[in-house]
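> based on what follows, work out the 3D shape:
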Amino acid sequence: MSFDREIWVTGIGLLTSLGEGVESNFEALCARINAASSNVTGAMGAYPVHALCSVDLAAYVSARAELRQMGRWQRIGVHAAALALADAGVPSKSDILDRMHLAVAAGNGERDIGVDAEILAGLRTAEEAGPYLNDALARGLRPTLYLGELSNLLAGNIQILLKVTGSSRTFKGEETAGLACVEDAWRRIGAGQAEIALVGGALNAEREDLLLGYELGCNLWSHPHASVWERAEAGGGFVPGSAGVFLVLESATHARTRGAEPYARIASVASDHSRRAQGAAARALGRLIDSACAGRSSAPLAVLSGASGVEPATGEELAVLRDRSAAVRAYGSVFGHTVEAHLPLGVALGAMALRHGSLYPPFDRSGLEKALDEAPDDIFVTSLGHWRGEGVVKLDRVAAEAKR
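From the prediction side, this is the model:
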């Protein structure tokens, strides 16, 4: 689908293992923070995790009662959303916030691990498991805890605390959810159904229940930390990373009217959902990239890859990118795999690079990621879910004359 209306990225909120805000993350990446960076910590023994940077997650939450009912993933998301609004210059402009649409990529909420462990331990000695379980759940689980597990509570808290009161949509489906929330806002703005939107997601990777769920599917990397591309020989797997990422997307006309400075233009967003038979993901991703490249010059292809490290998907993506001689950067090597937030994170990084006029130094020390000396006019962000879903976002540099 093509649109007459340009869609710009005008605000970015980043909260990651490398730092808080656009500048701290950009500086860390350009300082060649790599796969051996100190932001990787152990969790559940053998499983490395990219832990969130030190930050006050109560900074944008006015009341203690509100803070208590929010799980850590919600606090991370609210904080990142507030950073995006501030970066776009709209945090106190009610005339804009009242009509700002919201699209959130969310996973499941967080459980009370202590209560779960206590109940499971009691089941071992209970004379009758059924009655014991009913009684333990009634005593141990608070209604507020149950509500805190609902996926759409992140969007609700953003609306209440940050006064973003346009329409709200929550998408689920791991990496595909992050792709869907960006695509949804991009299409709505492009079709004239909206002028401005806040989109993104969050992940609290430092959770035993989350790690257990992913490892039951044999998805985690359980060896000393290695870059995304270096994991195939040991079977592959992803290293989870805590992050909150939100973007302000708006029509170019709306942005110009209020004097907003764009990071980049979102030229296209495309997605697919192959059955993942052998080679299917590669074929789907190849089609999406080639379609996004239609009419493009022969300039080198700059790609920010959302590859997770899980095989065979990661190996298939690498083959596709090699066939197209792409200068590739797998940002999961630095931030970890942030699942629902991963595609928005890639878009944020691509937009930042285009504004600064250069691709990041290689994130991989194996020599696979080649330097790109010339300033890119466009950057492609790939999303290849560890289990399902493929997508490509094309970002273009906004020329100085187009900003006026």
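
> could you look up the SS state of the closest residue to residue 160 other than its chain neighbours?
In space, and not counting its chain neighbours, residue 160 is closest to residue 66: 7.7 Å by CB to CB, 6 or more residues apart in numbering. To be clear about C-beta, it is placed using only N, CA and C from the backbone, and glycine gets the same treatment. Recorded secondary structure, residue 66: helix (DSSP: H, G, I helix; E, B strand; the rest coil).

> so where's the stretch 251-400 of the chain uncertain?
Scanning the stretch 251-400 of the chain for pLDDT under 70 picks out nothing.

> same check on the stretch 101-250 of the chain?
142-149.

> mind listing the strands for it?
Using DSSP state E, counting those that start in this stretch, the strands of the stretch 101-250 of the chain run over 101-105, 168-171, 196-203, 243-251.

> Throw the ones you listed into TSV and include mean neighbour count and distance to residue 288, thanks.
Converted to TSV, the strands of the stretch 101-250 of the chain look like this (neighbours: other CB atoms under 10 Å; distance: least, CB to CB, whole Å):
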stretch	mean neighbour count	distance to residue 288
strand 101-105	27	19
strand 168-171	18	19
strand 196-203	30	20
strand 243-251	30	20
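
> wait, which of the ones you listed is closest to residue 14?
Closest approach to residue 14 among the strands of the stretch 101-250 of the chain (CB to CB): strand 243-251, 6.0 Å.

> can you list the strands that the closest one pairs with?
Sheet pairing of strand 243-251 (DSSP bridges) gives strand 7-15 (antiparallel), strand 196-203 (antiparallel).

> can you lay out those as TSV showing distance to residue 23?
As requested, those are exported to TSV (distance: least, CB to CB, whole Å):
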stretch	distance to residue 23
strand 7-15	9
strand 196-203	18
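
> for the residue in the chain sticking out farthest from the centre, give its distance to residue 299.
Centroid-distance maximum for the chain: residue 127 at 45.9 Å, with CA atoms, centre = their mean. Distance, residue 127 to residue 299, by CB to CB, to the nearest Å: 72 Å.

> what of residue 252?
For residue 252, the distance to residue 299 equals 23 Å [CB to CB].

> who has more neighbours out of those two?
Legend: neighbour count by other CB atoms under 10 Å for residue 252 and residue 299, higher for residue 252 (19 against 10).

> report the contact partners of the residue lying closest to that one once chain neighbours are set aside.
When the adjacent residues along the chain are set aside, residue 252 lies closest to residue 6, with 3.9 Å between them (CB to CB, 6+ apart). Residues near residue 6 by CB atoms under 8 Å, 6 or more residues apart in numbering: 251-252, 265, 402.

> quick check, nearest of these to residue 335?
Closest to residue 335 out of the contacts of residue 6 is residue 265 (23.8 Å), distances taken as CB to CB.

> residue boundaries of the helices in the stretch 251-400 of the chain?
For the stretch 251-400 of the chain, applying DSSP state H, counting those that start in this stretch gives helices covering 252-258, 280-292, 313-323, 332-335, 342-356.

> same check, this time on the stretch 101-250 of the chain
Secondary structure of the stretch 101-250 of the chain (DSSP H, counting those that start in this stretch): helices at 113-125, 129-140, 143-148, 153-162, 175-190, 208-216.

> and the nearest residue to residue 357 once chain neighbours are set aside, how many neighbours?
Distances taken as CB to CB, 6+ apart place residue 375 nearest to residue 357, at 4.5 Å, with adjacent residues excluded. Around residue 375 there are 13 other residues, counting by other CB under 10 Å.

> same thing with residue 300?
Neighbours of residue 300 using other CB under 10 Å come to 16.

> for it, give its distance to residue 26.
Counting by CB to CB - residue 300 and residue 26 are separated by 22 Å.

> nearest the geometric middle of the chain, what residue?
residue 341 (1.8 Å).

> that residue contacts residue 203, doesn't it?
Yes: with contact defined as CB atoms under 8 Å, residue 341 counts as touching residue 203 (5.2 Å).
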